[in-house]
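1. missing the sequence, but the structure's below:
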């Protein structure tokens, strides 16, 4: 079953007789970061260990994100996961929102570069190279 659009849910909420009727009649999606990540792994047939490795994350830290032990990873850590999972723009922004980070915004120079790279299928490394070339902070900071 396809998940309803946010606009559809908002319309149902605001046009209903009460908030209780909306909550009783509308199956709301799970909004926790760990659930969304697990859904993405299943949907894209990916393995957690592979994603963590390709994201360049410390194994323990990556495991904490996926299990929900790490409640609010940084925006750049979420972007690392998005690139490792090869998420599209919609999925990436949903991952950021679910992780309580700001969405990518095309009026912000760094975000515009990242948006362009996602839309054009750049890898995490290629995106970092593009950010560096254009004088912006890279996603994966040197260790």
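-> Everything's here; your move. Quick caveat, the model's predicted, so the values are computed rather than measured.

2. Centroid-nearest residue for this structure?
-> Centroid check for the chain by C-alpha atoms, centre = their mean gives residue 95 as the closest residue, at 1.9 Å.

3. Quickly note the distance from it to residue 24.
-> Going from residue 95 to residue 24 by C-beta to C-beta, to the nearest Å gives 29 Å. Backbone N, C-alpha and C define where each C-beta goes, glycine included.

4. Then residue 83?
-> 39 Å.

5. try residue 64
-> 35 Å.

6. Figure out the helix or strand that the residue of the chain most remote from its centre lives in.
-> Here the chain reaches farthest from its C-alpha mean at residue 17, the gap being 33.6 Å by C-alpha atoms, centre = their mean. Using DSSP states H and E, residue 17 sits in no helix or strand.

7. ditto for the one 4 residues further on
-> For residue 21, the host element (DSSP H and E) is helix 19-25.

8. for residue 52, same thing?
-> Going by DSSP H and E, residue 52 is in helix 48-55.

9. In the next helix or strand after that helix, which residues are buried?
-> Using DSSP H and E, the next helix or strand after helix 48-55 towards the C-terminus is helix 59-67. The neighbour-count check on helix 59-67 (16 or more other C-beta atoms under 10 Å) flags 62, 64, 65, 66 as buried.

10. Residue 38 is in contact with the last one, correct?
-> This means residue 66. Yes: Residue 66 lies in contact with residue 38 (C-beta atoms under 8 Å); the separation is 7.2 Å.

11. ok, and for stretch 108-124, which residues are buried?
-> In stretch 108-124, counting by 16+ other C-beta under 10 Å, buried: 110, 111, 113, 114, 115, 117, 118, 122, 124.

12. And the helix holding residue 21, what does it pack against?
-> In terms of contacts (3 or more C-beta pairs under 8 Å, 6 or more residues apart in numbering; DSSP states H and E), helix 19-25 is packed against helix 6-15.
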